[in-house]
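Peer 1: Structure, please.
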Amino acid sequence: MTALALVDLQPIEDEPRILDVRLAERLGFANPRQIRELIKRNIHDLERYGAVSCRTTLLDRPQGGTVEVQEYWLNEGQAIRVCSRSDTEFAEVATHEVITIFLAYRRGQLPARRQSKLLDVLENGFQIIRGEFHDVRGEIKGVRDSLEEHKKDTSVRFDKIENVIYLKNKKPPFSADDWEMWRQVILLDGGGIDPSGSGQKLLDEDGNWLPNVHGDHFNREQPGATNGWPVPDSINQALREFNFRESKRHWFKVFQDKLNLRFPDGTMKKKKNTFIGKVGSKAPRTMNHPDQESFL
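Peer 2: Model prediction:
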């Protein structure tokens, strides 16, 4: 049964108020919620000191679930009247504490710890909002600048959100030739397995791309096939984290070395309709990545 303090007051309807059950605890009620019956019986008397603030809240039930209950927030006059009507041995000391904390509140004597905590919360909130605004403004500028740079490039469809994201990050989309060079390296040198070392398959038995493949721009500052590699979607997400990306740098170099051996000049030397796949298999419907339409 702790003494009442300034932290027990909350500004509601433009004046400080105290919760009914908190006052009941200080008055020594065995069941603090019984104070609400006292308030209901004396509601007209309490309304002489202003409107009684009544709110609906959810209370957890011991057997599970919740139940709606009405709680009362009392102003100074109402709290004093409830103390005088309670007829408990702690009524006098509770009345003194009520008067003391409401008086301190009016004088602006908020506890230093509460003031400091409130200021910290406000400052942190302001910093977060300012940082978010700065990031959004920077992203908008990046998109605008990239669109200006690429507005004459008719090979990019700006109605595709994927292209806008790539341009915003200054990462050009991979071409169909890039995907085909990757496919041949993975099929002939990697057994259709993810070059990042995850062990996941990227190609089916006929040499077609599986639907979980994503083109990752490993070297973000460079365009073309030597800029990236095909990896599973899960790996692509993880590569956004710096340490994980660095741990895959060796795997990326091995893949690029194999790519350079098969395509020294970084371009397709074979005809566009050339298909390399499983022996005896039919050519796939498309030699490119299944999602390539979103990049073209």
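Peer 1: Averaging pLDDT per element, find the lowest-scoring helix or strand in this structure.
Peer 2: Within the chain, no helix or strand scores below helix 161-168, which has a mean of 48 by mean pLDDT, DSSP states H and E.
Peer 1: can you pull out the strands in this structure?
Peer 2: 9-12, 15-19, 53-60, 66-74, 213-216, 229-232 (DSSP state E).
Peer 1: show me the contacts for R22.
Peer 2: Neighbour list for R22: L4, D8, P32 [criterion: CB atoms under 8 Å, 6 or more residues apart in numbering]. In short, each C-beta sits where N, CA and C put it, glycine included.
Peer 1: Please report the distance of the last one from T88.
Peer 2: P32 sits 12 Å away from T88, taking CB to CB, to the nearest Å as the criterion.
Peer 1: swap in the first one?
Peer 2: Distance of L4 to T88, computed by CB to CB: 14 Å.
Peer 1: Please report the distance of R85 from N42.
Peer 2: 6 Å.
Peer 1: make that D204, sorry
Peer 2: Using CB to CB, we find D204 at a distance of 79 Å from N42.
Peer 1: Likewise for E205?
Peer 2: 83 Å.
Peer 1: Thought F244 was touching A238, still the case?
Peer 2: Yes - taking CB atoms under 8 Å as the definition, A238 is a contact partner of F244 at 5.0 Å.
Peer 1: Neighbour count: those two, which is higher?
Peer 2: A238 (16 against 12; other CB atoms under 10 Å).
Peer 1: R183: neighbour count?
Peer 2: When neighbours are defined as other CB under 10 Å, R183 has 25 of them.
Peer 1: Same question for G65.
Peer 2: 9.
Peer 1: P195 now?
Peer 2: Number of residues near P195 (other CB under 10 Å) recorded here: 23.
Peer 1: any idea how far it lies from I43?
Peer 2: Distance, P195 to I43, using CB to CB: 75 Å.
Peer 1: Then Q63?
Peer 2: 31 Å.
Peer 1: okay, the two: which has more neighbours?
Peer 2: I43 (13 against 5).
Peer 1: Read off the pLDDT value for that one.
Peer 2: Looking at I43, its pLDDT is 95.
Peer 1: Tell me which residues touch it, please.
Peer 2: Taking CB under 8 Å, 6+ apart, one finds V52 in contact with I43.
Peer 1: heads up, I number from 51, so please use that
Peer 2: Sure, I'll start counting at 51 from here, so that last one is I93.
Peer 1: how far away is it from R86?
Peer 2: To R86, I93 is 10 Å away according to CB to CB.
Peer 1: thinking again about what came up before, quickly compare the strands of the chain and say which is most buried.
Peer 2: Each of the strands of the chain was assessed for mean neighbour count using mean count of other CB atoms under 10 Å. The highest is strand 279-282, with a mean of 26.
Peer 1: elements contacting that one?
Peer 2: helix 226-239, strand 263-266, helix 299-312 (3 or more CB pairs under 8 Å, 6 or more residues apart in numbering; DSSP states H and E).
Peer 1: Just put those in TSV and tack on mean pLDDT.
Peer 2: Shown next, in TSV, are the helices and strands packed on strand 279-282 (pLDDT from 0 to 100):
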stretch	mean pLDDT
helix 226-239	89
strand 263-266	87
helix 299-312	90
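Peer 1: Nearest approach to L153 belongs to which of these?
Peer 2: Nearest to L153 among the helices and strands packed on strand 279-282 is strand 263-266 (65.7 Å), distances taken as CB to CB.
Peer 1: Identify the residues contacting that closest one?
Peer 2: Contact with strand 263-266 is made by 224, 228-229, 252, 278-283, 285-286, 289, 339-340, 345, as judged by CB under 8 Å, 6+ apart.
Peer 1: Where do the domain boundaries of this protein fall?
Peer 2: 56-160, 165-217, 223-344 (automatic domain parsing).
Peer 1: averaging pLDDT over each of these, which comes out lowest?
Peer 2: domain 165-217 (a mean of 59).
Peer 1: hmm, back to that, pull the most distant pair out of the contacts of strand 263-266.
Peer 2: L289 and P340, at 20.3 Å, using CB to CB across those.
Peer 1: Got phi/psi on P314?
Peer 2: Main-chain dihedrals, P314, degrees, to the nearest 10: phi -60, psi -30.
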